[in-house]
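1. predicted model and sequence below, questions to follow.
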Amino acid sequence: MSQKILGLLILTAVILLFPLLGNKYWISLMIFIGIYALVVIGLCLLTGYAGQISLGHSAFMGLGAYTSGILTATYHLNPWVALVLAILLTMVLAFIIALPTLRLKGPYLAMATLGFGEIAFIAFTELIDLTGGPSGLRGIPELTIGGYPLNTDVRYYYLVWAFVLGGFILALNIVHSRIGRALRSIHDSERAAQAMGVDTGSLKVQIFVISAAYASAAGSLFAHFLTFVNPLPFSIEANISFILMVVVGGLTNLWGSLVGSGLIVILPEMTKLTKSAEYDVIIFGLLLVFIIIFLPQGLVVWFIDLVKRVKNLRVPRIQRGGTERRVLPGGWGHE
Amino acid sequence: MEIQQYILSGITIGSIYALVALGFNFIFNTTDIINFAQGEFVVFGGMIMVSLVSVFKLPMVIAFFMTIFLVMLLGLLFERLAIQPLKDSPIITLIICTIGVSVLLRGLVMVIWGKGSYPLPHFSGESPLHFWRATILPQVLWIIGITLVLVFLLGLFFGRTLTGKAMRACAVDKVAASLMGIKVKRMILFSFALSAAFGAIGGILITPISLMDFGRGPMLALKGFSALILGGLGSSFGAVVAGFLIGVIEALGAGLISSGFKDALSLVILLLVLYVRPSGIFGVKEITKV
């Protein structure tokens, strides 16, 4: 059995058994972790595998949330149809942004998405007739599956994590497919990839659109969980947390996106007990800079390396030379 | 309000965008990094000036230069602690690092100065002058005047001094520059100091008119970046012209269309430029399409 399958089985088991702890606070926290993990998995695909960074995923998440919210609360559409429509709308918009910026070399996507994120935030706030403006949109219905209402936290937890697991497996498959290998080649050297016949521009656009779809789905789940949306969670500040989640887990490690979103959701919950929000911001900033400088591969790869190094201490010195290797993205550091 | 009034206030805020865009440009030219903490230099400039003037009661002129000096120090520290250690990393890592630094600096501003908005006395009184059928605050003249003087000095610096020419060489080709004996590392350090100084001046100039608070950084950076792209990445002249242009368009948009969407306007321009003409109005180098 490959490490990937084993990892997935363990993950599934943890997801299934977690509610047995029976702690309501942790269940609701896990719902948020799952929602953010969806965004981060998409972002990790983009950052780690296409070497691009987006500061506009808050907008895609918001688009998902608001489209779902408006279609179900105002127009009484079936939530699942609304969710799909939201994803399609987000993908179209992502395509429109990606097309001009991803053809260009350099940090254009980061700034263009940041600009788009701000425009979207302004639109959520100012289009009061549609979105309810700063006071928000109420009356979003709860989700049901075939008449079975997902009206408790535990039920919703299972739905969210089913999405995360599905999204995660899909992402792993993308990474280990031909497209994934082509994407990794872009990350290493775009020019070399082109020379090998990889259509880098169109691949980058595709992966950006897919990663926006993840954020949109997360937004829809967010809206149906709270049954209420306002613009605040979709400000451009949210992207800083997303980036932090990706970086903490590891830019090129999908498993890391689960770890990263978990840590970054839990961390402020912990620090909230002792300190004020100002210190949270400083801690976030320091953490981001610290990890980028000292653990650029993220916590997961660092931890695996650490475990290996401890193991290797017992191995004769001569064999240790071989442990110096390039960490391949996607798996547990190994293919 | 008359249309001249809009144009004037547009030029005023446009001066600040121009200074921010220039700051982006210095660092981009030596490192290929877009420094996301550029807006924080502006905030620090404004905040330190406020403290020096109202808490330490320093005269405006001394406070002005001391603020620039302190923010430059911040820029140097930033380069030494967060950029230099990553010199062999991919650009994307460096950009994420500047995002981290911007968050950190914003947090520091919140802890040091709190979340309030701070005023600063105008440089020379607040009695408005009448000019071109519009009323104009003396501060506006200071802002436009100092910006123009800076642009002029910058032109001299890049055109006439050895350091300026060395910086331009780095922008063209870093490897070739280092082969010519230019210390690229020192140029990078210098570009951060220069960037910080321009940001600080922007902050000092704008605070008397629009106050300063901890959260202004990202928006200022975004507007400055729009100006940079509109003017053409890499072109200092373009950055200044486009800065004024964006300021004016924004002021006209806010006055004539809707103030709620004022901020969206320059971002729409940013996206349009990327679509239609990614090298900007005065783009000096052909942007590689991949």
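-> Yes, it's here.

2. near chain A, which residues of the stretch 101-250 of chain B? Just list them.
-> B:101-108, B:110-111, B:218-219, B:222, B:225-226, B:229, B:233 (Cβ under 8 Å from any Cβ of the partner chain). For every residue, glycine as well, the C-beta is placed using N, CA and C.

3. mind doing that once more with 6 Å?
-> Contacts of the stretch 101-250 of chain B with chain A, taken as Cβ under 6 Å from any Cβ of the partner chain, map to B:V101, B:V103, B:L104, B:G107, B:M110, B:V111, B:F225.

4. can you count the residues close to residue 79?
-> Picking chain A for this. 22 (other Cβ atoms under 10 Å in any protein chain shown).

5. meant chain B actually
-> B:E79 has 22 nearby residues by other Cβ under 10 Å.

6. got the residues of the stretch 101-250 of chain A near chain B?
-> Applying Cβ under 6 Å from any Cβ, we find that the stretch 101-250 of chain A lies next to chain B at A:101, A:103-105, A:107, A:111-112, A:115, A:118-119, A:122, A:126, A:190, A:200, A:240.

7. would you map the strands across the chain?
-> As the question left the chain open, I've gone with chain A. A:137-138, A:144-145, A:148-149, A:228-229 (DSSP state E).

8. my question was about chain B, not that one.
-> B:129-131, B:134-136.

9. find the residue ranges of the chain scoring beneath the pLDDT cut-off.
-> In the absence of a named chain, this looks at chain A. A:1, A:104-106, A:187, A:271-276, A:314-335 (pLDDT under 70).

10. that answer is for a different chain, and I need it for chain B
-> B:1, B:132, B:283-290.

11. all helices of it, in order?
-> Using DSSP state H, the helices of chain B run over B:3-31, B:38-54, B:60-78, B:91-113, B:138-160, B:162-172, B:174-179, B:184-210, B:217-231, B:236-256, B:262-276.

12. now do the shortest one: which elements does it pack against?
-> To tie it back to what came earlier, the one meant is helix B:174-179. Applying 3 or more Cβ pairs under 6 Å, 6 or more residues apart in numbering or on different chains; DSSP states H and E, one finds that helix B:174-179 makes contact with helix B:184-210.

13. try it again with 8 Å
-> helix B:162-172, helix B:184-210 (3 or more Cβ pairs under 8 Å, 6 or more residues apart in numbering or on different chains; DSSP states H and E).

14. and if you look at the second one?
-> Using 3+ Cβ pairs under 8 Å, 6+ apart as the contact criterion, the elements in contact with helix B:38-54 are helix B:3-31, helix B:60-78, helix B:91-113, helix B:184-210, helix B:217-231.

15. deepest in the core, which of these is it.
-> Of all the helices and strands packed on helix B:38-54, helix B:217-231 has the most neighbours on average by mean count of other Cβ atoms under 10 Å in any protein chain shown, namely a mean of 28.

16. how far out from the middle of the chain is it?
-> Averaging C-alpha positions (Cα atoms, centre = their mean, to the nearest Å) puts helix B:217-231 8 Å from its chain's average.

17. between it and helix B:91-113, what angle do the directions make?
-> Orientation check (axes from the mean of the first three to the mean of the last three Cα atoms, to 10 degrees): helix B:217-231 against helix B:91-113 gives 140 degrees.

18. nearest residue to the residue in the stretch 151-290 of chain B that chain A sits nearest to other than its sequence neighbours?
-> Proximity of the stretch 151-290 of chain B to chain A (Cβ to the nearest Cβ) peaks at B:L267, 3.8 Å away. Excluding the flanking residues, the one nearest B:L267 by Cβ to Cβ, 6 or more residues apart in numbering or on different chains is A:G115, at 3.8 Å.

19. check A:A120 too.
-> In space, A:A120 is closest to A:A59, 3.4 Å off (Cβ to Cβ, 6+ apart).

20. residues contacting that neighbour?
-> A:T113, A:F116, A:G117, A:I119, A:A120, A:F121, A:F234 (Cβ atoms under 8 Å, 6 or more residues apart in numbering or on different chains).

21. picking that back up, quick check: the farthest pair among the residues of the stretch 101-250 of chain B next to chain A?
-> Within those, B:V111 and B:F225 form the most distant pair, 26.7 Å apart (Cβ to Cβ).

22. pull the number of nearby residues for the residue of the stretch 1-150 of chain A found nearest chain B.
-> Residue nearest to chain B within the stretch 1-150 of chain A: A:G115 (3.8 Å; Cβ to the nearest Cβ). Look at A:G115: counted by other Cβ under 10 Å, it has 30 neighbours.

23. wait, it sits on B:L270?
-> Yes. Using Cβ atoms under 8 Å, A:G115 is in contact with B:L270, at 4.9 Å.

24. anything in contact with each of those two?
-> With Cβ under 8 Å, 6+ apart as the test, A:G115 and B:L270 both reach B:L222, B:S226.

25. before we move on, back to that, so which of the contacts of A:A59 is the closest to B:L94?
-> Using Cβ to Cβ, the contacts of A:A59 come closest to B:L94 at A:T113, 17.7 Å.

26. next, name the residue at the spatial heart of chain A.
-> Centroid-nearest residue in chain A: A:V40, 1.3 Å away (criterion: Cα atoms, centre = their mean).

27. wait, what's in contact with that one?
-> Counting by Cβ under 8 Å, 6+ apart, A:V40 makes contact with A:F242, A:M245, A:V246, A:G249, A:S257, A:L258, A:G260, A:S261.
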